[in-house]
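Enquirer: Sequence and predicted structure below; questions after.
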Amino acid sequence: MINWKNVPGKKNAGVVHPGHPAIIDTGLLADKTKKYKAGTILKADANGKLAAAATNDDPIAVLTADSDGENAEVLVLWHGMVVLGRLLNSSGATPVEAGEAMAFNLRAAGIYPIQSWAKIDKR
């Protein structure tokens, strides 16, 4: 068994867990002026563009790097494992830690939240 606490983090290690090959690719935000933080759970809008998911939405991806508020193109995890304690619900005025129910809904998209190490930083 691998003790992930002792495995050094790599490029997107803040949100993405190294325990499963990740599929990270670009996506387009519905509103390019939004400044979402890495870990934001995303949904598709009616046009297929990405927006912050709320608790009752069907999530499809997780933002792996902060958006800059200028470009619609962002890096997202489409499949893989994420660190549960670093997932965010950014659907309100201020990002909050995603609840367990919201994180559990990611499984339908092939994204598996786990908690294998303590939170390193607060958002």
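Expert: Perfect, thanks for sending it. Numbers count the residues shown, from 1 in each chain.

Enquirer: Please make it C-alpha for all contacts and neighbour counts, starting now.
Expert: Noted.

Enquirer: quick one, strands of the protein?
Expert: Ranges of strands within the chain are 16-17, 23-28, 41-44, 50-52, 61-63, 73-83, 88-89, 96-97, 111-114, based on DSSP state E.

Enquirer: wait, which of these is closest to residue 34?
Expert: Across the strands of the chain, residue 34 has its closest neighbour in strand 50-52 (8.9 Å, CA to CA).

Enquirer: who does that closest one touch, helix- and strand-wise?
Expert: Packing partners of strand 50-52 (3 or more CA pairs under 8 Å, 6 or more residues apart in numbering; DSSP states H and E): strand 41-44.

Enquirer: Kindly reformat the strands of the chain as TSV containing distance to residue 35, mean pLDDT and mean neighbour count.
Expert: Putting the strands of the chain into TSV (distance: least, CA to CA, whole Å; pLDDT from 0 to 100; neighbours: other CA atoms under 10 Å) gives the following:
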stretch	distance to residue 35	mean pLDDT	mean neighbour count
strand 16-17	19	82	28
strand 23-28	13	96	15
strand 41-44	13	98	25
strand 50-52	11	98	25
strand 61-63	11	97	28
strand 73-83	11	95	22
strand 88-89	13	96	26
strand 96-97	14	94	16
strand 111-114	22	93	20
